[in-house]
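A.B. asks: Predicted model and sequence below, questions to follow.
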Amino acid sequence: MEKKEWYLEYEIVINRPGLLGDISSLLGMLSINIVTINGVDEGRRGLLILAKDDDQIERLESILNTMDTIRVIKIREPKLRDRMAVRHGRYIQRDADDKKTFRFVRDELGLLVDFMAELFKQEGHKLIGIRGMPRVGKTESVVASSVCANKRWLFVSSTLLKQTIRNQLIEDEYNAENLFIIDGIVSTRRANEKHWQLVREIMRLPAVKVVEHPDIFVQNTEYTMDDFDYIIELRNNPDEEIVYDMVQKNHMFTDSDFGGFDF
């Protein structure tokens, strides 16, 4: 019988020598394998484990709940945030009110790239919005994540090199394995109807689409924030406010000083 993966997280109540060894021994006696273990928060450890059946997990949970030295926080089938926490040693910050919004700072670019790469690997339609001030690393992070996910990325509209806006794709670019990047400000400021026809075609593809500046994008289109599966916020520091009048001024500078091209 194939083993099933679980996520176990516990808080250390009494930190004594040999505690981790005791828990590892307990898992071994129950024939549960440890895949990965790491600290995921101050005073907490997370483990990815493999068990043959649910009864093993029920017995494990029952025994752990009798221990005075730890308190079980989570024992469940692993979610993406759990895997990221064990891999990187910390949890991704999530908005308390909007559960599909995830927050990162520039110091966490490695974690962000890894997180987005896992999203990009998922099959089917995914619409992801990314917010952030100019030069914080939004586009570069998306491109790096595409490489990690082994996806080909296509700029539908962008300011990465020059201000670019596309009105058509060539035949092999209509591929669900491609990743499509749309700059919400460029598309809404400069786009013609041909561009928007292309955007609608891309939205119907069972592929991953990433929209930079999603709030501006939905203000000027038929799409709404409810259409987005994930929203990612990237800041230079945790207290930075994402202000769109500054973002739009930066796009105006890019357009006037460096030119652009349509194709």
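C.D. replies: Received it, and whenever you're ready, just let me know what you need. This structure is a prediction, so every number in the text was calculated from the model and none was measured. Residues are numbered from 1 along each chain as shown.

A.B. asks: May I ask which helix or strand encompasses the closest residue to Gln219 other than its chain neighbours?
C.D. replies: Nearest non-adjacent residue to Gln219, counting by CB to CB, 6 or more residues apart in numbering: Thr188, 7.4 Å away. For every residue, glycine as well, the C-beta is placed using N, CA and C. Secondary structure assignment for Thr188, by DSSP states H and E: helix 184-190.

A.B. asks: What is that helix packed up against?
C.D. replies: strand 157-158, strand 163-165, helix 193-204, strand 208-212, helix 214-219, helix 244-258 (3 or more CB pairs under 8 Å, 6 or more residues apart in numbering; DSSP states H and E).

A.B. asks: Can you give the strand pairings for the shortest one, parallel or anti for each?
C.D. replies: Right, the one you point to is strand 157-158. Strand pairing for strand 157-158, using DSSP bridges, gives strand 163-165 (antiparallel).

A.B. asks: Compute the mean per-residue pLDDT across the partner strand, please.
C.D. replies: The pLDDT scores in strand 163-165 average 82.

A.B. asks: Kindly report the same for stretch 48-67.
C.D. replies: Mean predicted confidence for stretch 48-67 is 96.

A.B. asks: can you start the count at 5 instead of 1 from here on
C.D. replies: Renumbered: residue one is now 5, and that last one reads stretch 52-71.

A.B. asks: low-confidence ranges in the stretch 105-254 of the chain?
C.D. replies: Across the stretch 105-254 of the chain, residues meeting the criterion (pLDDT under 70) sit at 165, 250-254.

A.B. asks: mind redoing it with 80?
C.D. replies: Judged by pLDDT under 80, the stretch 105-254 of the chain has its weakly predicted residues at 164-167, 194-195, 248-254.
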